[in-house]
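Trainee: for reference, the sequence and a predicted model appear below.
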Amino acid sequence: MSKLVIVESPTKAKTISKFLGKDFKILSSFGHVRDLPKNDLGVDVEHDFKPKYVIPTKNRKHVTELKKAAAKADIIYLATDEDREGEAISWHLSEILGMDAGQLNRITFHEITKPAIEKALEHPRKIDMKLVDAQQTRRILDRLVGYKLSPLLWKKIQRGLSAGRVQSVSVRLVVERERERDAFKQEEYWSIDAVFSPPLFKGGSGGATFVAKLIEADGKKIDKMDVKNETDAKALMAKAEGQAFTVLDIQKKRVKKAPPTPLTTSTLQQEANIRLGMSAKQTMTLAQQLYETGRITYMRTDSLNLSEIFLTAAHEMIGKEFGKNYQLSEPRKFKTKSKGAQEAHEAIRPTDPATLPASIKAELDPGAYRLYNLIWSRTIASQMPEAELERVAVDLSGNGLIFRANGSTIVFDGFMKVYRATKEVLLPTLAPKETVELVSVLPAQHFTEPPARYSDATLVKTLEEFGIGRPSTYAPTIATIIARRYVERDEGKRLFPTEIGKTVTDMLMEHFPKIVDYTFTATMETALDEIAEGTVEWVPMLTEFYGPFAENLKEKEEAIVKLKREEIATDQVCEKCSKPMVIKFGRFGKFLACTGFPECKNTKPLAQEGEDCQILSTTEICPACQAPMVVKQGRFGNFLSCSRYPDCKTIKSLDKTTGVKCPQCKEGEITEKRSKRGRVFYSCNRYPECKFALWNKPTGHACEKCGSLLVYGPKETIKCSNKECKD
């Protein structure tokens, strides 16, 4: 008997073919086989929003092959993914192949393994039309918004723009965060740290320095913003220097740290972004590869469940690899908090816990290996004991000042054996009333910082918190708003809006507030969930949305005046014809253009990060031509430029000095600089004559063991800058 199995991906087909016999033929649909037409609305809004589906040109060859194979098969199994999109693809395939709607030919599996495939073949079912309706409604809804709003943006702003139900809300989040940053007013404050050393008579441990933070002065607690300027900082510094300090109090506390939950689509994207630096799109592409090759379970899920079979296998593997003290007495189970989560599904996990990352490293691409290692480690950690830490707080008192040193040691690493969550911060052994030596006082200037720009991780988390979109939509949404040039990435891979992104958002918020309203968009997602559950009918839901939307659209087409943005004058001169240059606005944001257009067509790019060509005079002299230098704004902040530009193109960075002398050349000072990728580092200001550089900020003190500079480490620690020195 001839049996045909149809999946979406050729890789998935290849993997499944390993588990099935000669009676089976496995073919791929290569994704979607039908869609709404590209150049037409494709939705009959007058007749219950009936969609008009077409087979795209690129899919016709695959569809022809599928029809030929289906004609020869005795049984056809539709084995597309188990989510709504996969259910819709199976329905489209059944329509194209002329299959009986009531036929039991739909199979699903959460992992591509032999037992899962065989079990699925034993329990075929009908296509779930509730899931198909939910997916169709999403597609129709997005088409109505995109195809109706986008032409209006073309008319009123400029050609080539688009709007989208989820993408426009995502851009709004990025725009509003950037405006929070623009409105932020920086405040100066200082922290006072001190380096202490225990007594030398304690077994020669006097060299084991540790850092403590000032928390109290003359009976008053010192909060973050209390030391407001250098004068206050120097007064406290003088009060501490030369004084004797004793151990006032030692507090020790045993705490337990719970392991993380297994991964969902959202948390996978967040963790991969934070730990591996991967974008949401990159993460999902690699996860798809791992799923289709049978390494992990299905990667679009919001469930935290783990199967009983997996939990048993994981328990055995943990005992074998790490010992019985790392095994739980019974499996740890997690309750899914996500609204609308499908509890029958599983979290993202390795298909076999015994497949250790190291054992398949040679078989995977580097990115896929790193992602598999993350998924394996996080899942196994969820089934290991809590970690036990001992936290120590030591208060040191002297001349009315109290400094506090915090440390922690790992008593039992538990789940951190495979998924590290914290680092030890060791403090020397001290006793109450013991005298310690003050090595140095380290005042440091700080400035309050605006809210951070969104990363892929924080944007996904925010979308999830608002209930906007679903696991399958996060990565394509971020990719779309970047492709549309509404949002770009800075050097730190954070997201910021372009000028056109701001303009489109402002227009939508003024004239179509519902489209970019967080609550409304989340409500629409809930309605789609209810359609999938069969509690809401899809046609009335679309009717309720489209009536007011179409009426508002018609009204705004006449009311909105085409946006005309004035050119902005600058002090820059065209290097080709010497005429002034102005800032103009194009499809991809602002740019510099010569006022001699069309005779002179010279244009220059202009950074999108708030550059306004503001010029500030300075007392600095250009080293090349002796003309005054001015401060200008660029993509990476302010810089010094010769006032005779473009005749003289000398520029200099505005470095923040640390006040620390360069240990290599003994002449220059260590200054804070920024790399091409936006990472802060510290180097001699005599570069290129002196090439001394550090990644960590120097304290100004030398290591007692090797003489190298001491630098600030994570969580207020101090370490030696010499990697070979273990101090």
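Mentor: Everything's here; your move. Residues are numbered from 1 along each chain as shown.
Trainee: next up, the contacts around residue 457.
Mentor: Contacts for residue 457 (Cβ atoms under 8 Å, 6 or more residues apart in numbering) come out as 269-271, 273-274. (Glycine included, C-beta is placed from N, CA and C.)
Trainee: what average pLDDT does the helix or strand where it lies get?
Mentor: Using DSSP states H and E, residue 457 sits in helix 456-466. Averaging pLDDT along helix 456-466 gives 92.
Trainee: any idea how far residue 106 is from the residue lying closest to residue 537 once chain neighbours are set aside?
Mentor: What sits nearest to residue 537 in space, not counting adjacent residues and going by Cβ to Cβ, 6 or more residues apart in numbering, is residue 531, at 7.5 Å. Residue 531 is 19 Å from residue 106, where distance means Cβ to Cβ, to the nearest Å.
Trainee: what's the answer for residue 693, then?
Mentor: 61 Å.
Trainee: likewise residue 486?
Mentor: Applying Cβ to Cβ to residue 486 and residue 106 gives a distance of 38 Å.
Trainee: which one's more surrounded, those two?
Mentor: residue 486 (29 against 22; other Cβ atoms under 10 Å).
Trainee: and the nearest residue to that one once chain neighbours are set aside, what helix or strand is that in?
Mentor: Take residue 486 and drop its neighbours on the chain: the residue closest to it by Cβ to Cβ, 6+ apart is residue 501, 3.5 Å away. Assigned by DSSP H and E, residue 501 belongs to helix 499-511.
Trainee: next one: the host helix or strand of residue 441 to chain centre, how far?
Mentor: For residue 441, the enclosing helix or strand under DSSP H and E is strand 435-447. Between the centre of strand 435-447 and the centre of its chain there are 35 Å (Cα atoms, centre = their mean, to the nearest Å).
Trainee: ok, now stretch 348-366?
Mentor: Counting by Cα atoms, centre = their mean, stretch 348-366 comes out at 24 Å from the chain centroid.
Trainee: list the buried ones in it?
Mentor: Within stretch 348-366, the residues that count as buried by 16 or more other Cβ atoms under 10 Å are 348-353, 355, 357, 360, 364.
Trainee: where in the stretch 51-200 of the chain is pLDDT low?
Mentor: 200 (pLDDT under 70).
Trainee: now do the helices in it.
Mentor: Remark: helices assigned in the stretch 51-200 of the chain by DSSP state H, counting those that start in this stretch are 60-72, 84-96, 114-122, 129-156, 167-183.
Trainee: now do the stretch 501-650 of the chain
Mentor: Counting by DSSP H, counting those that start in this stretch, the helices of the stretch 501-650 of the chain are 518-533, 538-559.
Trainee: related to what we said a few turns ago, now do the contacts for the residue nearest to residue 537.
Mentor: 130, 133-134, 137, 537-538, 541.
Trainee: check residue 250 too.
Mentor: 392-395, 430-432.
Trainee: make a PyMOL selection of the buried ones in those residues.
Mentor: Entered in PyMOL, the line below selects the buried ones among those, by 16+ other Cβ under 10 Å:
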select buried, resi 392+393+394+395+430
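Trainee: which pair in the contacts of residue 250 spans the largest distance?
Mentor: 393 and 431 (14.8 Å; Cβ to Cβ).
Trainee: quick one: residue 225 from residue 190, how far?
Mentor: Counting by Cβ to Cβ - residue 225 and residue 190 are separated by 10 Å.
Trainee: which one of those two is surrounded by more residues?
Mentor: Higher neighbour count among residue 225 and residue 190: residue 190, with 22 against 12, using other Cβ under 10 Å.
Trainee: ok, the more buried one touching residue 229?
Mentor: Yes: in this structure, residue 190 is within contact of residue 229 by Cβ atoms under 8 Å, at 7.0 Å.
Trainee: which residues do these two both contact?
Mentor: Common neighbours of residue 190 and residue 229 (Cβ under 8 Å, 6+ apart) do not exist.
Trainee: and residue 539, how many neighbours?
Mentor: By other Cβ under 10 Å, neighbour count at residue 539 equals 13.
Trainee: tell me the contacts of it?
Mentor: Per Cβ under 8 Å, 6+ apart, neighbours of residue 539: 48-49.
Trainee: same question, residue 284
Mentor: With Cβ under 8 Å, 6+ apart, residue 284 has these contacts: 265, 269, 299, 475.
Trainee: out of the residues you listed, which sit inside helices?
Mentor: Counting by DSSP state H, the part of the contacts of residue 284 found in helices is 265, 269, 475.
Trainee: what subset of those residues is buried?
Mentor: 265, 269, 475.
Trainee: got a markdown table for those residues, with distance to residue 598 too?
Mentor: Below are those laid out as a markdown table (distance: Cβ to Cβ, whole Å):
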| residue | distance to residue 598 |
| --- | --- |
| 265 | 51 |
| 269 | 47 |
| 475 | 43 |
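Trainee: which of the residues you listed sits closest to residue 412?
Mentor: Closest to residue 412, out of all of these and judged by Cβ to Cβ, is residue 269, at 31.0 Å.
Trainee: per-residue pLDDT of that closest one, please?
Mentor: 94.
Trainee: which ones are touching it?
Mentor: 280, 283-284, 456-457, 460, 474-475.
Trainee: quick one on the thing from earlier: could I get the helices of the stretch 501-650 of the chain as a markdown table with mean pLDDT and distance to residue 414?
Mentor: Shown next, in a markdown table, are the helices of the stretch 501-650 of the chain (pLDDT from 0 to 100; distance: least, Cβ to Cβ, whole Å):
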| stretch | mean pLDDT | distance to residue 414 |
| --- | --- | --- |
| helix 518-533 | 90 | 37 |
| helix 538-559 | 89 | 48 |
